[in-house]
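>>> Just need the structure, nothing else, for what follows:
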Amino acid sequence: MAGQRWIPYRKSLTRRAQTLRRDPTPAEKKLWYEFLRDLPQKFTRQKPLGQYVADFYCSRQRLVIELDGDSHYTDGAQRYDEARTVALEMRGVRVIRFTNTEVVENFDAVCDAITAALGETPA
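Now for the predicted structure:
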């Protein structure tokens, strides 16, 4: 399963992904327009993968970037995020997470961490 390039997903997620692309958070907008969209590695915004929608996905590197806002800090949300990360890693996808605050207040460090992750060998 990890070697499979295309990751099947629930078709019912398509509309949700479109809505999320249309209404990005300020941190998602900043990361996309000021960094990710101009990288040589192609990223997709709000990409359905399995039963989840990833904030940003680079299929060549099999890398997901997740931006976590306030709703991610409850116990239930953290368990959900952990399960989601495990499910994606079982498919050979690496997941890196940043808070919205990190993106806004420490943008250069976030970009450096993404650049470093892109330099690592994909799973």
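>>> Helices along the protein, start to end?
Along the chain, counting by DSSP state H, helices occupy 13-22, 26-34, 75-90, 100-105, 107-119.
>>> Can you tell me what sits against stretch 52-63?
The contact list for stretch 52-63 (C-beta atoms under 8 Å, 6 or more residues apart in numbering) reads 5, 13, 16-17, 20, 28, 31-32, 36, 41-49, 64-67, 84, 87-88, 92-96, 117-118, 122-123. The way it works is simple: take the backbone N, C-alpha and C, and place the C-beta from them, glycine included.
>>> so how far is the first residue of that stretch from its last?
Distance across stretch 52-63, first residue to last, is 14 Å (C-alpha to C-alpha, to the nearest Å).
>>> tell me the mean pLDDT over that stretch?
Summarised as a single mean, pLDDT over stretch 52-63 is 93.
>>> to the chain's geometric centre, what's the distance from it?
5 Å (C-alpha atoms, centre = their mean, to the nearest Å).
>>> Alright, I will stop here.
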